[in-house]
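[1] Provided below are the primary sequence and the corresponding predicted coordinates.
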Amino acid sequence: MASFNMIIPELPSYLDAMGGEDYKGLIIGLFASTALISRPFSGRLADTIGRIPVMIIGPLVCVTLGLLYPAFTTIWGFLFLRILHGFSTGFKPTGTTAYLADIVSSKNRGEAMGILGVAGSIGMAAGPAIGSYIAMEFSLNAMFYASSFTALLSVLVLFGMKETLQDKVKFKPSLLLIHPKDVVEPRVIQPSIIMFLSVYAFGTVLTVTPDLSDHLGIGNRGLFFTATLLASVVTRLFAGKASDRFGREKIMMIGMTLLIASTILLGFSDTPQLFYMSAAIYGIAAGINSPTLFAWTVDLADELNRGKGMSTMFIALELGVILGSIFGAEIYDNDVTRFKYAFWFSSFMATVGLSYLIRLLALKKKEK
């Protein structure tokens, strides 16, 4: 998470320097598109050749791409690397969440996903701040190399871990033949819909907040993500436990409400103080939503198809991030007076998700 998020805050200005200011929405959009395409493959492979091989593929892509960014200095070369980079997030999280589901009991599933989320949020939030610091103090190339080195550390951690998939098979090319039934796990549709509607805001935040940071005179574009980290780490721990105790849907309603509040407040942010307050509320919302949604998905997924179930969830995640980044950039359109509209549309998407949750709870209560 630290590796591929380390470079995010600096990429909009990096693309601007190439003359590609009109392609900012593709920085995240292309990355997420490739991740989305790779999800069915990672899910199928995780359920056949094993969790650990799938966990290794993603970081190796990051290692390679971190070394190539300094050599690809044209707009189209850069965008091509963003397409390839998406494979990193298309494989690693799928294998990791399936692995975790294998080794944790159902009674502690939310708590376990919360712990995993803490690690992820540290990478997603601290990575950008560290990356921006390296870029400012040294160079953009140094930032790319640091991203590559961080990914290599992720690979080294995996050595010595025991494979959890029973009856795994050797890789063969036919495993890459994906049928429609391999793409979506119907059992996890409900949490996947909520994931899509909630992470739309994340795509917009990734794409637009670096420019908003510049507009507010904040030198380090990664500090927004640091603020979300500080707010989300502890939240993930108790939110996971709370979802184990009180139910996934009820806890998700709290998270979605806070997500709506944070994106509305971001639209009004005209001072650094308000900007950081929005980041903190957003971090709390993310800390609630992420572990709850992943635990909910594992609850519903068939045990023999956990890889496919997690892949389905991540497909929804990528779709949300893609649309959030592309539409967020289009709504903003490099016009500082339009920041608020980009964030407020994220609020609308989250409101749709909250309404869907309320309906699910009403139907569940009626069935009882």
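    Arrived safely. Numbers count the residues shown, from 1 in each chain.

[2] the lowest-mean-pLDDT helix or strand in the chain packs against which elements?
    In the chain, no helix or strand scores lower on mean pLDDT, DSSP states H and E than helix 24-46, which sits at a mean of 80. Using 3 or more CB pairs under 8 Å, 6 or more residues apart in numbering; DSSP states H and E, the elements in contact with helix 24-46 are helix 11-17, helix 51-68, helix 75-103, helix 189-215, helix 306-332. All C-beta spots, glycine's among them, are computed from the backbone N, C-alpha and C.

[3] now do that helix and helix 306-332, the angle between them.
    Angle, helix 24-46 to helix 306-332, by axes from the mean of the first three to the mean of the last three CA atoms, to 10 degrees: 180 degrees.

[4] picking up where we left off before, want to throw the helices and strands packed on helix 24-46 into a markdown table with distance to Leu300 and mean pLDDT?
    Below are the helices and strands packed on helix 24-46 laid out as a markdown table (distance: least, CB to CB, whole Å; pLDDT from 0 to 100):
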| stretch | distance to Leu300 | mean pLDDT |
| --- | --- | --- |
| helix 11-17 | 36 | 83 |
| helix 51-68 | 19 | 90 |
| helix 75-103 | 11 | 85 |
| helix 189-215 | 7 | 92 |
| helix 306-332 | 7 | 87 |
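
[5] surely Arg248 touches Gln190?
    No - the criterion here is CB atoms under 8 Å, and Arg248 misses it with Gln190 at 9.5 Å.

[6] shared neighbours of the two, which are they?
    Trp296 (CB atoms under 8 Å, 6 or more residues apart in numbering).

[7] which residues touch stretch 277-287?
    117, 121, 125, 201-202, 205, 224-225, 227-236, 239, 255-256, 258-259, 261-263, 265-266, 269.

[8] let's see it at 7 Å
    The set of residues external to stretch 277-287 that reach it, using CB atoms under 7 Å, 6 or more residues apart in numbering, is 205, 224, 227-232, 235-236, 239, 255, 258-259, 261-262, 265-266, 269.

[9] CA atoms only for that stretch, dumped as PDB, please.
    This file holds the C-alpha atoms of stretch 277-287, laid out as PDB (Å, rounded to 0.1, in the frame of the first residue of the first chain):
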ATOM      1  CA  MET A 277     -10.900  18.600   9.900                       C
ATOM      2  CA  SER A 278     -12.500  17.200   6.700                       C
ATOM      3  CA  ALA A 279      -9.600  14.800   6.400                       C
ATOM      4  CA  ALA A 280     -10.100  13.600  10.000                       C
ATOM      5  CA  ILE A 281     -13.800  12.900   9.600                       C
ATOM      6  CA  TYR A 282     -13.100  11.200   6.200                       C
ATOM      7  CA  GLY A 283     -10.500   9.000   8.000                       C
ATOM      8  CA  ILE A 284     -13.000   8.000  10.700                       C
ATOM      9  CA  ALA A 285     -15.500   7.100   8.000                       C
ATOM     10  CA  ALA A 286     -12.900   5.000   6.100                       C
ATOM     11  CA  GLY A 287     -11.900   3.300   9.300                       C
END
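
[10] buried ones in that stretch?
    By neighbour count with 16 or more other CB atoms under 10 Å, stretch 277-287 contains the buried residues 277-287.

[11] next step: the residues you listed restricted to helices.
    277-287 (DSSP state H).

[12] any idea which of the residues you listed is the one closest to Val61?
    Val61 lies nearest to Ala286 out of those, by CB to CB, at 24.7 Å.

[13] pLDDT score assigned to that closest one?
    Per-residue pLDDT puts Ala286 at 90.

[14] before we move on, what about the one 10 residues further on?
    What the model reports for Trp296 is a pLDDT of 91.

[15] now swap in Ile254 and tell me
    According to the prediction, Ile254 has pLDDT 96.

[16] and it, what is it in contact with?
    Ile254 neighbours (CB under 7 Å, 6+ apart): Ile288.

[17] what about it, distance to Ser347?
    As judged by CB to CB, to the nearest Å, Ile254 and Ser347 stand 16 Å apart.

[18] just so I have it, where are all the helices in the stretch 151-300 of the chain?
    189-215, 223-246, 248-268, 272-300 (DSSP state H, counting those that start in this stretch).

[19] so can I have JSON lines of the ones you listed showing distance to Asn108?
    Listed next are those as JSON lines, based on distance: least, CB to CB, whole Å:
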{"stretch": "helix 189-215", "distance to Asn108": "18"}
{"stretch": "helix 223-246", "distance to Asn108": "7"}
{"stretch": "helix 248-268", "distance to Asn108": "14"}
{"stretch": "helix 272-300", "distance to Asn108": "9"}
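
[20] quick check: phi and psi at Ala119.
    phi -60, psi -40 (degrees, to the nearest 10).

[21] give me the neighbour count for Ser148.
    19 (other CB atoms under 10 Å).

[22] how about it: what's its closest non-neighbour residue?
    In this structure, Ser148 finds its nearest non-sequential neighbour in Gly66, 2.6 Å apart by CB to CB, 6 or more residues apart in numbering.

[23] report the central residue of this structure.
    In the chain, the residue lying closest to the centroid (CA atoms, centre = their mean) is Leu317, at 6.9 Å.

[24] which stretches of the stretch 101-250 of the chain have low pLDDT?
    The model of the stretch 101-250 of the chain has pLDDT under 70 over residues 125.

[25] name the element the nearest residue to Leu175 once chain neighbours are set aside belongs to?
    Counting by CB to CB, 6+ apart, Thr48 is the residue found nearest to Leu175 once chain neighbours are left out, at 5.6 Å. Per DSSP states H and E: Thr48 is located in neither a helix nor a strand.

[26] Thr48 against Lys170, yeah?
    No - in this structure, Thr48 is not within contact of Lys170 by CB atoms under 7 Å, at 9.2 Å.

[27] since that was my last question, I'll sign off now.
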